[in-house]
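Peer 1: below is the sequence, then the predicted model.
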Amino acid sequence: MQVGCAPREEGPIVSHLVPTKGFNGEDTKVSIVGRDFFPQVVVLARGGAHTNDLFEVVLVDAGGGVVAPLSAVDWIDTERIDAIVPMGVQPGQYGVRVRDPAGLEVLRERAFTVTPTKA
């Protein structure tokens, strides 16, 4: 008898970021809200298992090019990831791309706006 999980074919879904904008003169902590942010369970040949919850999150421009990787990416649960948008990103509107530990990606266009002022 075989027991196991089939690989997922669809990646995570991003609904929005909180906050949706930040000042380019300082780091901005954001929460990426969505669903299906699943960690990867790795079964070890010598027995046991461990969880890989390393997600990659980047801001992308309208053409899909990477503008800035987010730092301090922290998987909270299957519906939330926290991260930091670094200071110094040029003002503008950006998409956010999330890659889960299995390599599945999702892009949410126009998800975050970088402003030149705090107001």
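Peer 2: Arrived safely.
Peer 1: show me what the helix-or-strand element of the chain with minimal mean pLDDT is packed up against.
Peer 2: Ranked by mean pLDDT, DSSP states H and E, the weakest helix or strand in the chain is strand 49-52, scoring a mean of 80. With contacts defined as 3 or more C-beta pairs under 8 Å, 6 or more residues apart in numbering; DSSP states H and E, the packing partners of strand 49-52 are strand 40-43. Where you see a C-beta, it was placed from the backbone N, CA and C, and this is true even at glycine.
Peer 1: got a list of contacts for the strand it packs on?
Peer 2: Among residues not part of strand 40-43, those counted as contacts by C-beta atoms under 8 Å, 6 or more residues apart in numbering are 49-53, 100-102.
Peer 1: now those residues in CSV, with neighbour count?
Peer 2: CSV is the format used below for those (neighbours: other C-beta atoms under 10 Å):
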residue, neighbour count
Ala49, 8
His50, 11
Thr51, 12
Asn52, 13
Asp53, 18
Asp100, 23
Pro101, 18
Ala102, 14
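Peer 1: then the biggest strand by length in the chain to PDB, C-alphas only?
Peer 2: Looking only at the chain and at elements set by DSSP state E, the strand with the highest residue count is strand 105-115. The C-alpha coordinates for strand 105-115 follow below in PDB (Å, rounded to 0.1, in the frame of the first residue of the first chain):
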ATOM      1  CA  GLU A 105       4.800  31.200  -8.000                       C
ATOM      2  CA  VAL A 106       2.100  33.700  -8.000                       C
ATOM      3  CA  LEU A 107       2.100  37.300  -9.200                       C
ATOM      4  CA  ARG A 108      -0.200  40.000  -7.800                       C
ATOM      5  CA  GLU A 109       0.000  43.000 -10.100                       C
ATOM      6  CA  ARG A 110      -0.200  46.600  -8.700                       C
ATOM      7  CA  ALA A 111      -0.100  45.300  -5.100                       C
ATOM      8  CA  PHE A 112       2.200  47.900  -3.500                       C
ATOM      9  CA  THR A 113       2.900  51.600  -4.100                       C
ATOM     10  CA  VAL A 114       6.100  53.300  -3.100                       C
ATOM     11  CA  THR A 115       5.700  57.000  -2.400                       C
END
